[in-house]
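Participant: The sequence and its predicted three-dimensional model are supplied below.
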Amino acid sequence: MSGNEIVTDVVIIGAGPVGLFAVFELGLVDLKCHVIDILDRPGGQCAELYPEKPIYDIPAFPEISGQGLTDNLMKQIAPFGAEFHFSQMVTNVERLDDGAFRVTTDADEVFVAKAIVVAAGGGSFQPKRPPVDNVEAYEGKSVFYAVRKMEDFRDQDIVIVGGGDSALDWTLNLQPLARSLTLVHRRDQFRGHADSVNKMRALVEEGKINFITGQLARLEGEDGQLSEVVFKTAGGEIGVPATRLLPFFGLTMKLGPVADWGLDLHDNALIKVDTEKFETSVPGIFAIGDINWYPGKLKLILSGFHEGALMAQAAKRIVHPDQKVIFQYTTSSTNLQKKLGVA
Amino acid sequence: MRIFVTDQNGIEHELEALEGWRVMEVIRDWGLNIKAECGGSCACATCHIFVDPEWQERLNPPTDEEEDMLDSVPDYEANSRLSCQILMREDLDGLRVRLADSARQDEAA
């Protein structure tokens, strides 16, 4: 892999609002960034959990949506040409002999950078697991949280659980190639698009799919291969023959591999930093935003912005120890205005 | 005002609550195991609790928005609620709830 390494100044882990604004602050001190995120688009929690919800505590924005904030940040950082690497998770960070870091993702991309900024919020978004015994043994063999290849579902007895758009979309897409398909949801109401709900109900009426109102109770099978999924319903337990199960309960954040990078943690869940540079216990690795901890920490987007500004000053000294850092304002510095493309 | 919260290990805690606080905020403030990752905006379902059946009727029924979010708790039961959507008030003094497994804040260790 060494031939394909991407060499850059800074790798930012997390493309939420704080990771995005870090691109801006690092850009003002001439540092080039690559940004890695497990989601397929920028915005982090703001885009994944509450894109439409108004936020009221961003300075100078009496009201802005999570998506609006993300869009504005993307516009604000555009002059700095950061490169984004989506749908992948950083799995490994190691220090090289020259003091730089090698960062590897689960998509086998390799980066070499002089500094790392962890702006990973609550960690990486992972699918919510159904609370049934032994589900891990089936994952990747007959229980899947996403459809990567539709062919893997041809002529299978498929059970889909959930009531949102993922559950409905995959019900409609997989029905034509399934041997049988059963959709299970806790209630006979769906929060997905009305059009998808109507199409799904039509398939039920035509007898092409089954719909059950109920809750997952347990899995039956052997060696990771499902044979039956059992549901609790108002009328008692119902077993559905199944060779594939797709649970769609949405995503939640897990700290994940960050815990294994040798950084001092607080309460086993947050990364300890100082409040001068927002550097972790490993020099050259910074942590900003919701994932860090220091006395008095508040998990606010605006705190993360402040932390990014101070971090950038410190990162500059690590990447270019020979250069003097001059503090300047964007209102008055022609130098900064050139970087922003406005002078 | 007090609420009684049984944690994921089955231990009951008596917590002092203040009027106008969300039950999620009371639980989080006392340091019990609750993720509440969206911070109370009814957007994540990781503050999931089970309400003691005797108290269920006394709560305001869930809004459509809360019902939609309850679709994404994997361990739903008929007495499932999101604790960020229950505001403390005088007549909820003594409320009994149990933290769901899906509200657990995972730890690195």
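Facilitator: Here it is on my side, so go on. Here the structure is a predicted model, which is why all the values come from computation and not from measurement. Numbering: from 1, shown residues only, chains lettered A, B, ... in the order given.
Participant: Pull the contacting residues for the spatially most central residue of chain B.
Facilitator: Centroid-nearest residue in chain B, with CA atoms, centre = their mean: residue B:83, separated by 2.9 Å. Contact analysis of residue B:83 by CB atoms under 8 Å, 6 or more residues apart in numbering or on different chains lists B:22, B:23, B:24, B:27, B:34, B:36, B:47, B:48, B:49, B:97, B:103. For every residue, glycine as well, the C-beta is placed using N, CA and C.
Participant: Please flag which of the residues you listed sit within strands.
Facilitator: B:48, B:49, B:97 (DSSP state E).
Participant: separation between the first one and residue B:14?
Facilitator: To tie it back to what came earlier, the one meant is residue B:48. Distance, residue B:48 to residue B:14, by CB to CB, to the nearest Å: 21 Å.
Participant: So those two - more neighbours on which side?
Facilitator: Taking other CB atoms under 10 Å in any protein chain shown, residue B:48 and residue B:14 do not tie; residue B:48 has more neighbours (29 against 10).
Participant: got the contact list for residue A:177?
Facilitator: Neighbouring residues of residue A:177 by CB under 8 Å, 6+ apart: A:150, A:153, A:154, A:155.
Participant: ok so, going back, could the contacts of residue B:83 go into JSON lines alongside distance to chain A?
Facilitator: Below are those laid out as JSON lines (distance: CB to the nearest CB, whole Å):
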{"residue": "B:22", "distance to chain A": "16"}
{"residue": "B:23", "distance to chain A": "19"}
{"residue": "B:24", "distance to chain A": "14"}
{"residue": "B:27", "distance to chain A": "16"}
{"residue": "B:34", "distance to chain A": "13"}
{"residue": "B:36", "distance to chain A": "10"}
{"residue": "B:47", "distance to chain A": "12"}
{"residue": "B:48", "distance to chain A": "11"}
{"residue": "B:49", "distance to chain A": "15"}
{"residue": "B:97", "distance to chain A": "18"}
{"residue": "B:103", "distance to chain A": "10"}
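Participant: Would you list the buried entries among those residues?
Facilitator: B:22, B:23, B:24, B:27, B:34, B:36, B:47, B:48, B:49, B:97, B:103 (16 or more other CB atoms under 10 Å in any protein chain shown).
Participant: Looking at the last one now. What's its pLDDT?
Facilitator: So the one you mean is residue B:103. Listed pLDDT for residue B:103 reads 95.
Participant: for the chain, what are the low-confidence residue spans?
Facilitator: Answering for chain A, as no chain was given. A:1-3 (pLDDT under 70).
Participant: The chain in question should be chain B.
Facilitator: Checking chain B against pLDDT under 70 turns up B:107-109.
Participant: hey, where'd the strands end up in it?
Facilitator: Along chain B, counting by DSSP E, strands occupy B:2-6, B:12-16, B:48-51, B:80-82, B:95-99.
Participant: Pipe the ones you listed into a markdown table and attach distance to residue B:63 per row.
Facilitator: Formatted as a markdown table, the strands of chain B follow (distance: least, CB to CB, whole Å):
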| stretch | distance to residue B:63 |
| --- | --- |
| strand B:2-6 | 21 |
| strand B:12-16 | 25 |
| strand B:48-51 | 15 |
| strand B:80-82 | 10 |
| strand B:95-99 | 18 |
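Participant: now for these, which one comes closest to residue A:228?
Facilitator: Closest to residue A:228 of the strands of chain B is strand B:80-82 (CB to CB; 25.5 Å).
Participant: Pull the residues that contact the closest one.
Facilitator: B:24, B:42, B:45, B:47-51, B:59, B:62, B:66, B:69-70, B:73, B:97, B:100.
Participant: same thing but at 6 Å, please
Facilitator: Applying CB atoms under 6 Å, 6 or more residues apart in numbering or on different chains, the external contacts of strand B:80-82 come out as B:47, B:49, B:51, B:66, B:70.
Participant: tell me which of those residues is nearest to residue A:246?
Facilitator: Using CB to CB, the contacts of strand B:80-82 come closest to residue A:246 at residue B:70, 19.7 Å.
Participant: Could you export the contacts of strand B:80-82 as JSON lines, including distance to residue A:237?
Facilitator: JSON lines is the format used below for the contacts of strand B:80-82 (distance: CB to CB, whole Å):
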{"residue": "B:47", "distance to residue A:237": "29"}
{"residue": "B:49", "distance to residue A:237": "25"}
{"residue": "B:51", "distance to residue A:237": "24"}
{"residue": "B:66", "distance to residue A:237": "28"}
{"residue": "B:70", "distance to residue A:237": "22"}
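Participant: Show me which of those is closest to residue A:102.
Facilitator: The shortest approach to residue A:102 among the contacts of strand B:80-82 belongs to residue B:47, at 38.6 Å (CB to CB).
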